[in-house]
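# Please work out how this folds:
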Amino acid sequence: MKIHILAIGGTMTTPLALALKNDGHTVTGSDQKYIYPPFSQNLYHAHIPINPKLNSFSPDLVIVGSAFKKFSHTQTEFEFFKNKKTPYISATKYIADNLIKSNSILVAGSYGKTTITAALSWILTKIGFNPSYFFGGQSKNRFPSLRFSSSDWSVVEADESKNGLDTQAKFLYYPVKYLILTSSRWEHHDSYKSKTENQESFIKLIKRLPPDGLLVYNAQDPSTKSLIKYAQCKSIDYSLYTSKHPFLFGQHNQNNLAACVILCLNLGISPQKTDFYLQKFKGIKRRLELISTIKNTYFYDDFGQNPIRIDACLSALADKFPNQRILVILEPHASFLQYPNSLKGLGSALKKASKVFLGKIQYSQNKNTRTSFSDYQKLLGDKLIYLPLYPDLQNSVLSSLNPGDVLVHFSSGGLSGLKTFKQIINKFKYQALEIRN
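Numbers count the residues shown, from 1 in each chain. Below you'll find the model as predicted:
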């Protein structure tokens, strides 16, 4: 088939494009003018044309990514193909119809989804289940983020957000037999008007589990406790996994590993076999990823934006480096950080940081509810330094950074921020060499 993907530069749509191309389809795509790496690089190396002229091709199917409404270009294309009566489907629905199998494993919750889904996909592939799978990140083991297979097993990272053509939570489009639930916190304020509305989506998901299914849930998160009663199948919590892992550290990762172990055990896989392959799983890029070490100074990059994820990462770093100062660069890209209510708990989450360098705040159009610098200042006090311009951010971090510190960069997007972080590392390395010489 000739398949065209709108908003192709995304965590779901780029892996989908690569998998479809690998399966022999002719794939094209549209997006904003400049697509950020690694999506741009992956699409380029796969020889997938981006933003072709509308009159130069005629697709058999248009797959609509959830971010297509963000760009006028992709909105115009959608109306064009719609008027031409070209068949179209949302990326979410395409995954539901073509990737998910009868033995469907979904991983849902406010955190840990990507790591757990990737680890399960790795384990089940190595053991021989040959699953179809999708997770929204890049594995350090260098296996693809999305794969179609001929088996009756699938593993999918299941998000509760609603956007694009999706009129309900993404995970409600997916058939489910086995569910791992890490939490049910109200994270997507742009998708749900209230905590109750958010919870209702999770309740609907749990109610869809069949009697012969399984719910594996995180009993350590209070948000899951009120939901277990809605399951008509066996429910089992995952407790702390204490085995040392060569690549993943911190209690949050121990919990992620525990979820994998408990599910595999209930699928009839021996703990020894599960642990053997789990120990070889290297984790996900941009999930507490060590970028560089210079003169006992450590530089980490992480996708975290909400207080729970930030707290988990800083707690892991504080345990690993108990005698070293932790500095934080926080780029508040996530849409939910545009709402002051989402900042609740941020002060506590960042208590282990000696200094917090806050990047440019992404303002929403709603002036009455949008987040401001004062909202952050109330929570963080004197440790907060607001630097909306990247050159100022770079200079301030470098002047504060000492040998032996730990610097962690929290960001969910933005090529300029990642570039600035790498420049900080390179300049610090150059300064260290000058001092040594």
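# contacting residues around stretch 345-362?
Contacts to stretch 345-362, defined as C-beta atoms under 8 Å, 6 or more residues apart in numbering, come from residues 307-308, 310-311, 314-315, 317-318, 325-333, 335, 337-338, 371-373, 376, 379-380, 383-390, 393, 396-397, 400, 411, 417. (Glycine included, C-beta is placed from N, CA and C.)
# Sitting in helices, which of those do you find?
Among the contacts of stretch 345-362, DSSP state H puts 307-308, 310-311, 314-315, 317-318, 373, 376, 379-380, 390, 393, 396-397, 400, 417 in helices.
# Buried ones among these?
In terms of neighbour count (16 or more other C-beta atoms under 10 Å), the buried residues within the ones in helices among the contacts of stretch 345-362 are 307-308, 310-311, 314-315, 317-318, 376, 379-380, 390, 393, 396-397, 417.
# quick one: which two of these are the most distant?
315 and 390 (28.4 Å; C-beta to C-beta).
# ok, back up a step: nearest to residue 212 among the buried ones among the ones in helices among the contacts of stretch 345-362?
Nearest to residue 212 out of those is residue 308 (C-beta to C-beta; 32.3 Å).
# from the buried ones among the ones in helices among the contacts of stretch 345-362, which single one is nearest residue 27?
Closest approach to residue 27 among these (C-beta to C-beta): residue 417, at 29.5 Å.
# And that closest one, how far from residue 297?
20 Å (C-beta to C-beta, to the nearest Å).
# re the thing from before, list just the nearest of the buried ones among the ones in helices among the contacts of stretch 345-362 to residue 253.
Nearest to residue 253 among these: residue 315, at 11.0 Å, using C-beta to C-beta.
# Does that closest one touch residue 251 like I think?
Yes - in this structure residue 315 lies within contact range of residue 251 using C-beta atoms under 8 Å: 6.7 Å.
# Quick check: residue 216 is in a strand.
Yes - under DSSP: H, G, I helix; E, B strand; the rest coil, residue 216 falls within a strand.
# does it have beta-bridge partners, and which?
residue 180, residue 236 (DSSP bridges).
# got a list of contacts for the strand or helix carrying residue 119?
Secondary structure assignment for residue 119, by DSSP states H and E: helix 113-127. For helix 113-127, the surrounding residues in contact (C-beta under 8 Å, 6+ apart) are 105, 107, 130-131, 133-137, 139, 141, 143, 145, 147, 153, 155-159, 180, 182, 248, 253, 256-257, 259-260, 263-264, 269, 273-274, 277-278, 280-281, 283-284, 287.
# Could you pull out the buried residues of stretch 35-47?
Within stretch 35-47, the residues scored as buried using 16+ other C-beta under 10 Å are 35, 39, 40, 42, 43.
# Which residue ranges of the stretch 1-150 of the chain form strands?
Along the stretch 1-150 of the chain, counting by DSSP state E, counting those that start in this stretch, strands occupy 2-6, 26-30, 61-64, 88-90, 103-108, 132-134, 146-147.
# Quick one: the ones you listed as TSV, columns for distance to residue 119 too.
Converted to TSV, these look like this (distance: least, C-beta to C-beta, whole Å):
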stretch	distance to residue 119
strand 2-6	27
strand 26-30	28
strand 61-64	27
strand 88-90	27
strand 103-108	10
strand 132-134	11
strand 146-147	15
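# Out of these, the one nearest residue 76 is which?
Nearest to residue 76, of all the strands of the stretch 1-150 of the chain, is strand 26-30, at 9.4 Å by C-beta to C-beta.
# for that closest one, packing partners?
With contacts taken as 3 or more C-beta pairs under 8 Å, 6 or more residues apart in numbering; DSSP states H and E, strand 26-30 sits against strand 2-6, helix 13-22, helix 72-83.
# any idea of the angle that strand forms with helix 72-83?
Between strand 26-30 and helix 72-83, the angle comes out at 130 degrees (axes from the mean of the first three to the mean of the last three C-alpha atoms, to 10 degrees).
# on that earlier part again, quick one: buried ones out of the contacts of helix 113-127?
105, 107, 131, 133-137, 139, 141, 145, 147, 153, 155-159, 180, 182, 248, 253, 256-257, 259-260, 263-264, 269, 274, 277-278, 281, 283-284, 287.
# Which ones among those residues lie within helices?
253, 256, 257, 259, 260, 263, 264, 274, 277, 278.
# now, which of these sits nearest residue 292?
residue 253 (20.6 Å).
# shouldn't that closest one be in contact with residue 316?
Yes - in terms of C-beta under 8 Å, residue 253 counts as a neighbour of residue 316; the distance is 7.2 Å.
# between the two, what contacts are shared?
residue 288.
# Not counting its neighbours along the chain, what's nearest residue 284?
Nearest residue to residue 284, sequence neighbours excluded (C-beta to C-beta, 6 or more residues apart in numbering): residue 137, at 4.3 Å.
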